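Trainee: Fold the following, please.
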Amino acid sequence: MRHGVSGRKLNRSTSHRLAMFRNMVTSLLAEERIYTTVPKAKEIRRWAEWMISLGKHGDLNSRRRALAVIREKKTVYKVFDELAERYRDRPGGYTRIVKVGFRRGDASPMCLIELISDGVARKEKKPQESAPDQAQ
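Mentor: Take a look at the predicted model:
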């Protein structure tokens, strides 16, 4: 019986599943948006919200716990500096899952999981304008 056992197995071994979740949560926090299957996104949401909550605590123990999961130090810095400040007044619900259809090969439901921006516009790169042609 599985009374009280949470989490999805996703037909993978424990080591494979944990490595996959660590990689995906690192990518989500670094890029702020990833494209994946719905069951994976629902599980990654738990991990990502946990990491952002650790970032909001901000102490040394929380930073070490985040480093045990997130694979890149610069992503940990981003969580503790940028994301913790962005979600300071938000009690939870830092991610959004948007279903986008089905995968062509096996009809698996696909989605986009992204961090909620809270109305703060992200800086987007504008294409450089070429110099106006001079009349000769």
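
Trainee: list the contacts for the residue nearest to the spatial centre of the chain?
Mentor: Of all residues in the chain, the one closest to the mean position by CA atoms, centre = their mean is Leu28, 2.5 Å from it. Residues near Leu28 by CB atoms under 8 Å, 6 or more residues apart in numbering: Ile34, Ile44, Ala48, Thr95, Ile113, Glu114, Leu115. C-beta coordinates here come from the backbone N, C-alpha and C atoms, glycine included.

Trainee: ok, the third one to Gly105 distance?
Mentor: Same thing as Ala48. 27 Å (CB to CB, to the nearest Å).

Trainee: The two: which has the busier surroundings?
Mentor: Neighbour totals were compared for Ala48 and Gly105, and Ala48 leads with 26 against 6 (other CB atoms under 10 Å).

Trainee: now Glu31: how far from Pro91?
Mentor: In terms of CB to CB, Glu31 sits 24 Å off from Pro91.
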